[in-house]
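Sequence first, then the predicted structure, then my questions.
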Amino acid sequence: MADKITLGYTHLSGCTGCTVALADNYAGLLTLLDKYVDLKYMPTLADARHVQKVDVSFVEGSVCINDKLAVEELKETREKSTIVVALGGCACYGNITRFCRGGQQNQPAQEAYLPINELVKVDVFIPGCAPTPQMIRNVAVMAYLLLKGTKEQKDLATAFLKPLMALPVQGTACGASTACFCDLMTNVIDQGLCIGCGSCAAACPVNAITHEYGKPQGERDLCIKCGACYNQCPRSWFSFDVVENYEAINEAIMAALQ
Ligand code: SF4
Ligand code: SF4
């Protein structure tokens with residue numbers, strides 16, 4: 001195996017659930033750290049307290065624009081990282097930091113908390129609240145293979161990462177800057193990919209989505225184009241490339257973790 005990749009972990013505004021999900025890889029995390037990843041910066045797991053120059057940075061949490069230090073830390077993370085990964089719903093679209101205050105229902109209340117791609121260019125989204133431990137592990141392994149692997153491994157890593165790399169630049173279906181219900185309709189529902197799970201309706205902070213007969217319906221006049229539904233949809237990053245190469249991708253990940 002080639003050299004390890006260097007990894008940073010910038011922790012902004014969130015509940016720390018993504019850190020817990022990363023740690024929930026247990027032995028897999030130790031294998032990652034042992035063989036593939038040199039953890040250069042992470043407030044909870046590494047001694048370094050300042051953003052370091054790294055190959056890949058994971059960013060957990062949204063960025064509060066009233067917090068100068070957080071804004072600077074995010075910008076420095078971007079400057080010092082080859083690849084920036086928005087880890088989890090708060091970094092991807094704001095999630096609870098932007099839409100929940102003191103109640104069970106989402107409320108659009110905290111406009112100061114922004115998805116990180118509103119301030120810096122983001123290369124990869126890992127959606128979910130929190131993302132699964134396996135998903136975080138798989139992205140870390142695939143980032144390694146993309147940067148250090150053989151030609152065949154780079155191709156598999158590209159197939160795996162491509163839909164996650166498309167998520168930060170979504171939001172073109174109706175001209176919104178973040179993905180919205182139009183994107184969900186165009187890229188998921190109209191493609192026959194919807195599994196009727198209801199995650200989009202549950203995530204919508206303004207109750208613009210209802211479910212009838214297992215199919216989401218959007219009230220477009222209510223939509224504030226926040227991206228929550230698209231990011232929480234398990235099919236928004238579905239990829240036929242991944243399905244076609246599923247066994248080879250799975251084998252590459254499992255082999256790497258041996
Ligand atoms: S439908 Fe709801 S969750 Fe989706 S973008 Fe619009 S406001 Fe956000
Ligand atoms: S989250 Fe996605 S898959 Fe689930 S109901 Fe909504 S559109 Fe369908």
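Noted; the coordinates are in hand. Ligands and ions are numbered 1, 2, ... in the order given.

quick one, phi psi at Glu251?
phi -60, psi -40 (degrees, to the nearest 10).

Name the residues of this protein found near ligand 1, please.
For the chain, the residues in contact with ligand 1 (CB under 6 Å from any ligand atom) are 180-181, 203-204, 206, 208-209, 218, 223-229. Quick note: C-beta positions are derived from backbone N, CA and C, even for glycine.

Specify which member of those residues is nearest to Asp3.
Nearest to Asp3 among the residues of the chain next to ligand 1: Gly227, at 36.0 Å, using CB to CB.

State the number of residues packed around that closest one.
30 (other CB atoms under 10 Å).

Name the residue most distant from the centre of this protein?
Farthest-out residue of the chain from its mean C-alpha position, per CA atoms, centre = their mean: Tyr213, at 29.6 Å.

Show me which residues of the chain are close to ligand 2?
So the chain meets ligand 2 at 184, 188-189, 194-200, 216, 233-235 (CB under 6 Å from any ligand atom).

one step back: in strands, which of the residues of the chain next to ligand 1 appear?
209, 218 (DSSP state E).

And the residues of the chain next to ligand 1, which of them are buried?
180-181, 203-204, 208-209, 218, 223, 225-229 (16 or more other CB atoms under 10 Å).

Could you export those residues as a markdown table, including distance to Ala166 and pLDDT?
Shown next, in a markdown table, are those (distance: CB to CB, whole Å; pLDDT from 0 to 100):
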| residue | distance to Ala166 | pLDDT |
| --- | --- | --- |
| Cys180 | 15 | 88 |
| Phe181 | 18 | 92 |
| Ala203 | 19 | 88 |
| Cys204 | 21 | 90 |
| Ala208 | 23 | 94 |
| Ile209 | 22 | 95 |
| Gly218 | 21 | 94 |
| Cys223 | 21 | 91 |
| Lys225 | 18 | 88 |
| Cys226 | 18 | 88 |
| Gly227 | 13 | 89 |
| Ala228 | 17 | 89 |
| Cys229 | 16 | 92 |
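
related to what we said a few turns ago, which members of the residues of the chain next to ligand 2 are positioned in helices?
184, 199-200 (DSSP state H).

which one of the residues of the chain next to ligand 2 sits closest to Leu145?
Distances from Leu145 to those, taken as CB to CB, are shortest for Pro234 (23.6 Å).

which strand residues sit across from the residue positioned nearest the centre of the chain in the sheet?
Centroid-nearest residue in the chain: Ile126, 2.1 Å away (criterion: CA atoms, centre = their mean). Beta bridges link Ile126 to Leu87, judged by DSSP bridges.
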